[in-house]
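Asks: fold the following and give me the result.
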Amino acid sequence: MLSRVIYLLVVVLIASQVSIVAQQKDDAPSAEVLTLEDAISLALHDNRQVKNAQLSIGKAGDEVAAARTHRLPSLYAYSVVSQQFIKHDPGANSSEANVVPGVGPFFSIGTTREPTAIFAGQILQPLTQLHRIHLEIRQAGLAREVESEKLRQ
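Replies: Purely as a prediction, here's the structure:
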């Protein structure tokens, strides 16, 4: 009985090793070969550093566009509108009526309750600063080139 158990155990172990070797040989021919371009694109697909470098390039491009807008004129508009809340009544209880003691009110203080509005506009063109603005644009462009080289690296 013991010899049958040992014989059965040896047969099971040999059969399991043969199936493992057979499985390994079947997988080898079905594996696909990666080209260099495929391997590079696979490595760069979800790379955090590459995505950060691409975002940096976009940010630098936005800074170039913002620097270019400084060349344009600035437009400003101002308005002030006011109106009195209460109507001024120069009556007997008014403090202005007793400016000179013994003399009654000799002038009338009264304004109508109409709105008053003031409008102003301003256009500014930076003529003397155009050279400095041009240098800032070039500097922002160079910063964008640096970021693109970091991505290429």
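Asks: so which residue is dead centre in this protein?
Replies: Centroid check for the chain by CA atoms, centre = their mean gives residue 59 as the closest residue, at 8.1 Å.
Asks: what lies in contact with the strand or helix carrying that residue?
Replies: For residue 59, the host element (DSSP states H and E) is helix 48-68. Helix 48-68 is contacted from outside by 44, 133, 136-137, 139-141, 143-144, 146-148, 150-151, using CB atoms under 8 Å, 6 or more residues apart in numbering. Where C-beta positions appear, they are placed from N, C-alpha and C, glycine not excepted.
Asks: only whichever of these are buried, select them in PyMOL.
Replies: Here is the PyMOL command that picks out the buried ones among the contacts of helix 48-68, judged by 16 or more other CB atoms under 10 Å:
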select buried, resi 133+136+137+140+141+143+144+147+148
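Asks: where do the helices sit along the protein?
Replies: 2-30, 36-44, 48-68, 130-152 (DSSP state H).
Asks: would you mind giving those as TSV with distance to residue 117 and mean pLDDT added?
Replies: Shown next, in TSV, are those (distance: least, CB to CB, whole Å; pLDDT from 0 to 100):
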stretch	distance to residue 117	mean pLDDT
helix 2-30	83	64
helix 36-44	62	84
helix 48-68	35	91
helix 130-152	36	92
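Asks: as CSV, those helices with distance to residue 116 would be great.
Replies: Below are the helices of the chain laid out as CSV (distance: least, CB to CB, whole Å):
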stretch, distance to residue 116
helix 2-30, 88
helix 36-44, 66
helix 48-68, 39
helix 130-152, 40
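Asks: nearest to residue 74, of those?
Replies: helix 130-152 (12.5 Å; CB to CB).
Asks: counting by contacts, list what the closest one packs against.
Replies: Helix 130-152 sits against helix 48-68, with contacts defined as 3 or more CB pairs under 8 Å, 6 or more residues apart in numbering; DSSP states H and E.
Asks: so the helix it packs on versus helix 36-44, what angle?
Replies: Going by axes from the mean of the first three to the mean of the last three CA atoms, to 10 degrees, helix 48-68 is angled at 80 degrees with respect to helix 36-44.
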